[in-house]
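K.L.:
A structural model of the following input is requested.
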Amino acid sequence: MPVLAEQGHRLSAQYCRGAVSALSDAQLDLLECDFAAGQVDLNLEGIDLVFHLAGIAHQRADVAAYQNVNVDAPLALAEQALAAGVKRFVFVSSVKAQAAQYDEHGALIPVSESRNPYAQSKALAEQGLQEICRNSSLELFIVRPALVYSEHALGHLRWLRRWAAWHLPTPPAGGGRSMIALDDLVRLLTMLVAQPVHAPSVITVTDNESYSTVRLHAAFCKAMGRRPWLPSPPVVVWRSFCSLWDMMRNDELGATWARMAADERYLSSGLDSIGFRPSLNFEATLSVVGDAA
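P.N.:
Predicted coordinates:
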C-alpha cells in the first residue's frame with residue numbers, strides 16, 4: 001500500500017486483524033471485516049481496481065473455512081465489484097492451484113473431497129472468478145506467486161530461521177522449491193494497476209531459482225553469523241524426528257519430512273509480456289535486511 005500511495009493513488013483497505021499500514025487518513029480509508037464470519041458486503045462505489053489478497057494459507061483449517069474464505073468470499077467480492085462498476089480485479093492465488101484435482105469428467109472436485117484443500121480452494125476461486133468476469137466489463141488478473149519470502153516469513157521459513165539461530169545441525173540434502181521475494185511480488189502487483197488488458201490474465205511468478213532446505217538453512221546461518229554445533233545425522237534419524245514431530249503436532253504422518261524434502265518447482269509465465277523481471281533472490285533479501293538492521 002505505501003508504494004501505491006506514493007504513486008498518488010487513493011486507497012481503501014479492508015482487513016481482518018492487525019495493523020494495516022502507517023498511512024495518513026488522507027491516503028487511506030480503513031474498514032475492518034472478517035470473511036470467515038461472512039462479512040463480505042463491502043462498499044466498492046468509486047473504486048477502479050480491487051486487489052484481493054485475503055485467504056487462509058500458513059495454518060491448518062477445516063474444510064468449511066477454506067471454502068468460505070478462499071472460495072466464496074472472493075467470488076462474492078467480484079460480484080460486488082462488477083455491480084459497482086469496478087474496472088479491474090487482481091486476485092492473488094498460488095502456484096499450488098496448478099496441482100488442483102479433477103474428477104473423471106475433467107471438472108474440479110469440491111474442497112471437501114481434495115487431498116490439499118488449500119490448493120483446491122485457490123483453483124476453485126480462479127475458476128469462479130473467470131466465469132464471473134468472462135464477457136463482462138470487469139478485467140481479471142490472476143497472480144500465482146510461489147512461496148513468498150521476507151524478513152517476516154512464516155511457516156517453514158520461520159522454523160528454519162529458528163533452527164539456524166539455535167546452532168542445530170544442517171538439514172538433509174534434497175528437494176527444492178520455487179520462491180519469490182515479497183518486494184518483487186509487490187512491484188509486480190503495482191505494475192498491474194495500469195497494465196494493458198492484452199496482457200495474460202494468469203501470471204505465475206517465481207525468481208527462477210531452486211531452494212533446497214540446505215540452501216535456505218545456509219543462507220540463514222550466514223546472515224546471522226551462526227554455524228551448526230553438531231554434524232548432520234543420518235537421514236533415518238531425520239525421518240524419525242520428523243515422524244515424532246508429526247505425532248506431537250497431531251499432523252499427518254510424513255507431513256514434516258515432506259515439507260523438509262519438498263520438490264515444488266514451478267516455471268514463471270506471463271512476466272515477459274508485462275516487462276517484469278525479479279530483482280532479488282533469498283540470499284540477497286537477507287543481506288538487505290541485515291544491512292537495514
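
K.L.:
Can you list the residue ranges for helices in this structure?
P.N.:
Here the chain has its helices, by DSSP state H, at 2-6, 63-65, 73-83, 117-133, 155-165, 182-191, 213-224, 235-248, 255-260, 282-292.

K.L.:
Tell me the spacing between residue 124 and residue 181.
P.N.:
As judged by C-beta to C-beta, to the nearest Å, residue 124 and residue 181 stand 28 Å apart. Using the backbone N, CA and C atoms, a C-beta is placed for each residue, glycine as well.

K.L.:
Same drill for these two, tell me which one is more crowded.
P.N.:
residue 124 (24 against 21; other C-beta atoms under 10 Å).

K.L.:
sorry, back to before: please identify the deepest-packed of the helices of the chain.
P.N.:
Comparing the helices of the chain by mean neighbour count (mean count of other C-beta atoms under 10 Å), helix 117-133 comes out on top with a mean of 22.

K.L.:
got the end-to-end distance for stretch 46-54?
P.N.:
Taking C-alpha to C-alpha, to the nearest Å, stretch 46-54 runs 21 Å from one end to the other.

K.L.:
Of all the helices of the chain, which one is nearest residue 270?
P.N.:
Closest to residue 270 of the helices of the chain, according to C-beta to C-beta: helix 182-191, at 10.0 Å.

K.L.:
Counting by contacts, list what that closest one packs against.
P.N.:
Here helix 182-191 touches helix 2-6, strand 139-145, strand 147-149, strand 202-205, going by 3 or more C-beta pairs under 8 Å, 6 or more residues apart in numbering; DSSP states H and E.

K.L.:
Ok, which of the ones you listed comes nearest residue 41?
P.N.:
The closest of the helices and strands packed on helix 182-191 to residue 41 is strand 139-145. By C-beta to C-beta, the value is 21.0 Å.
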